[in-house]
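Sharing a model prediction with you, sequence too.
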Amino acid sequence: MKLNFNKPQLRLILSQPKEAVNIWARGTGKSYNIAWLMHLVQSNMPRSAWSIVGQSYKQILTRTLPGTLSALAKLGYERDKDFWVKRRPPAKISHELPYEAPLDFEHFILFRNGTGFHLVSQDPNGGSSRGLNIDGIIADESLLLDKKKLDEELMPTNRGNLEYFRGVPFHHGIFHFSSMPYGQQAPWLLEYGNYYDYDFTSLRKEAVEIQISLIDAETKEQKKKLWREAKAVRKQINFEKHKKTGLLYAEADVFDNLDNLGLKYIYQQRRDLDDLRFRTEVMNERPSKIQGAFYPHLDRHKHGYRNAADNSYLKSMEVTDQRLKSEDSRMDGDVDKYQPLRIAVDWGSRINCMTICQMDKELNTLRFLKNLFVKPPEILTHLARRFCEYYRYHHHKEVFFAYDHTGNSRMANSQQTYAEEFSKILRKEGWTVHQVTRGAAPSHQQKYLLWSKILQEREPTMPKIRFNLDNCHEAFVSMEMAPSKDGRSGIEKNKQSERNPGIAAEKATDLSDTADIQACSLFMDKLYTLSSFVDAHY
């Protein structure tokens, strides 16, 4: 078959780096490159054993393997004939094993010639790297990885077998594939590019601005002019291996795969995505830090956690299991299914959204477990049903429902308020609902002070707050990017993003408001006594 590699793919293949960090946008062929790398390994290093590492076993099963297995099929490999996933081949089929074969094939991909790939994740009870000796590492969505765990647990296993593969340039190679981080998500990943002696980041930013102007231009003459300008800037960007270390750091945006995708695809993405998401995920624009943040002490490393999936449930499924395509709370290992949930809802014309929490009294910690949202044409009732669907297997169907004063407004053509209608749907599905919010919300200044006090964690009696960064991604980004402004009564949250069509509603400040409601409904008395929020149950 004819293979059409784009420029970033060819750069990686032809440069044969010992180590590579590929920060590529959606549509640039990350999955195909992982499959091609697996092809090179099995072709040049028979009986070697590599690791494919992901942040969680759930990520590997639902995000990494589907695209990679599809790409392997396009390369001519047939599953259960040329390679086997999560199981050993039948005894009647002639095959080799790696020089260091696993005893259990539950977290392993084996090719017929004995080449294998351990499926390693950083979550508890996933695919462990403990005790392994491996010949190389492929990391998918590296922005999600815990760098400390990676360095301390997986990197030391990349050793041995020099007598078999001494002449292979990528033996013991480390290959990172990742999309661009949001905010301050994974600065360590971008630091790999610090070896360049020219400012490629400014050139990339300039190219992104020109290319977006090209997409938005209305006339052919404007587009032609901007195309020439973008081409001139892009020619100045040259990603190449570090001469001493052999490391290749490279970034790629959707224009790097234009021959395969076409301009129609880019126009469609521009129409479908908000400006921030388009810039980050399609144009691969580097993140910028919010100045004057409303949550200045919020830190994703300190206040966030990952790898909370219930792997005992996930391991019961094959890669092709249809249950993997429809997520529910059975996949979440941080949910106590025998305890009630706390929910907070924010309603609006652009988005209806909510966060789901549980209070751990023993640890004095409020855990943000999940965020959910719907956008027009879906409305509040769809959000309620989505919650019921996701938590339909939760054993203790009891919720403490907090909301601000807007929840007491009546819905159009109804005698019920927003909060009453939402509660009605949950009760119909068998939930016991306690409406715990009354009156006006605290001022912005009070919220700002409360969050500052909680997030700094200087007082032992103050509760702690932790976010599941996988299931609360949008809520955390909403908080991370929420700016502040000076108001008449002190510091206020700048909520202009809620009216800006260039910013996705789920990344505007709406979801951060649900976090405010959660914190204030439980902890406002820690700042000083307020009567606006009353919760008789905690």
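The structure has been received and is ready for your questions.

In three-state terms, how would the residue nearest to Ala35 when sequence neighbours are not counted be classified?
Closest residue to Ala35 apart from its sequence neighbours, by C-beta to C-beta, 6 or more residues apart in numbering: Ala71 at 3.4 Å. Any C-beta I mention is one placed from the backbone N, CA and C, and that applies to glycine too. Three-state call for Ala71 (DSSP: H, G, I helix; E, B strand; the rest coil): helix.

So Ala71 versus Glu251, what's the distance?
Note on Ala71: its distance to Glu251, by C-beta to C-beta, to the nearest Å, is 21 Å.

the more surrounded of these two?
Each of Ala71 and Glu251 has its neighbours counted (other C-beta atoms under 10 Å); Glu251 has more, 23 against 20.

Sticking with that one, tell me its helix or strand.
With secondary structure defined by DSSP states H and E, Glu251 is part of strand 247-252.

next SSE after that strand?
On the C-terminal side of strand 247-252, the closest following helix or strand by DSSP H and E is helix 258-261.

And for that next one, what's in contact with it?
Applying C-beta atoms under 8 Å, 6 or more residues apart in numbering, the contact partners of helix 258-261 are 4, 6, 27, 29, 254, 266.

which of the residues in it are buried?
Going by neighbour count (16 or more other C-beta atoms under 10 Å), the buried part of helix 258-261 is Leu261.

Give me the packing partners of whichever helix or strand comes after that helix, helices and strands only.
The first helix or strand that comes after helix 258-261 along the chain, using DSSP H and E, is helix 263-272. Contact analysis of helix 263-272 by 3 or more C-beta pairs under 8 Å, 6 or more residues apart in numbering; DSSP states H and E lists helix 200-216 as its packing neighbours.

How far away from the center of its chain is the helix or strand hosting Ser43?
Using DSSP H and E, Ser43 falls within helix 30-44. Helix 30-44 has its C-alpha centroid displaced from the chain centroid by 24 Å (C-alpha atoms, centre = their mean, to the nearest Å).

Over to stretch 427-447?
Put simply, stretch 427-447 sits 29 Å off its chain's centre (C-alpha atoms, centre = their mean).

Can you check the distance spanned by it, start to finish?
End-to-end span of stretch 427-447 (C-alpha to C-alpha, to the nearest Å): 31 Å.

Any buried residues in that stretch, and which?
Across stretch 427-447, burial judged by 16+ other C-beta under 10 Å covers 431, 433, 435-437, 441-444, 446-447.

same deal with stretch 100-108?
100, 102, 105, 107-108.

Quick one: mean pLDDT for the helix or strand harbouring Ile343?
Under the criterion of DSSP H and E, Ile343 resides in strand 341-346. If you average the pLDDT over strand 341-346, you get 95.

How about exporting that strand as PDB, limited to the C-alpha atoms?
C-alpha atoms of strand 341-346 as PDB (Å, rounded to 0.1, in the frame of the first residue of the first chain):
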ATOM      1  CA  LEU A 341     -23.200  12.900  46.500                       C
ATOM      2  CA  ARG A 342     -23.100  16.700  46.600                       C
ATOM      3  CA  ILE A 343     -24.100  18.600  43.400                       C
ATOM      4  CA  ALA A 344     -24.000  22.200  42.400                       C
ATOM      5  CA  VAL A 345     -25.700  23.500  39.300                       C
ATOM      6  CA  ASP A 346     -25.300  26.700  37.200                       C
END
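
which residues are in contact with that strand?
Contacting residues not belonging to strand 341-346 are listed as 352-359, 366, 369, 380, 383, 387, 391, 394, 398-404, 407, 418-419, 422, 510-511, 513-515, 517-518, 521-522 [C-beta under 8 Å, 6+ apart].

so for the strand holding Glu251, what's the average pLDDT?
Averaging pLDDT along strand 247-252 yields 94.

Same question for stretch 312-320.
The pLDDT scores in stretch 312-320 average 73.

buried set for it?
Leu314.

mind checking the end-to-end distance for that stretch?
Length of stretch 312-320, first residue to last, C-alpha to C-alpha: 17 Å.

and that stretch, how far from the chain's centre?
In terms of C-alpha atoms, centre = their mean, the centre of stretch 312-320 is found 21 Å from the chain centre.

Show residues contacting it.
Contacts for stretch 312-320 (C-beta under 8 Å, 6+ apart): 57-58, 61, 65-66, 69, 85-86, 106, 125, 323-324, 330-331.

Give me the subset of these lying in strands.
Per DSSP state E, strands hold the following members of the contacts of stretch 312-320: Val85.

And the contacts of stretch 312-320, which two are furthest apart?
Farthest-apart pair in those is Leu69 and Arg330; separation 24.0 Å (C-beta to C-beta).

Pass me the low-pLDDT residue ranges in the stretch 151-300 of the chain, would you?
183-184, 288-291 (pLDDT under 70).

could you measure the spatially most central residue of the chain against Pro287, distance?
Centroid-nearest residue in the chain, with C-alpha atoms, centre = their mean: Asp470, separated by 5.8 Å. As defined by C-beta to C-beta, Asp470 lies at a distance of 19 Å from Pro287.
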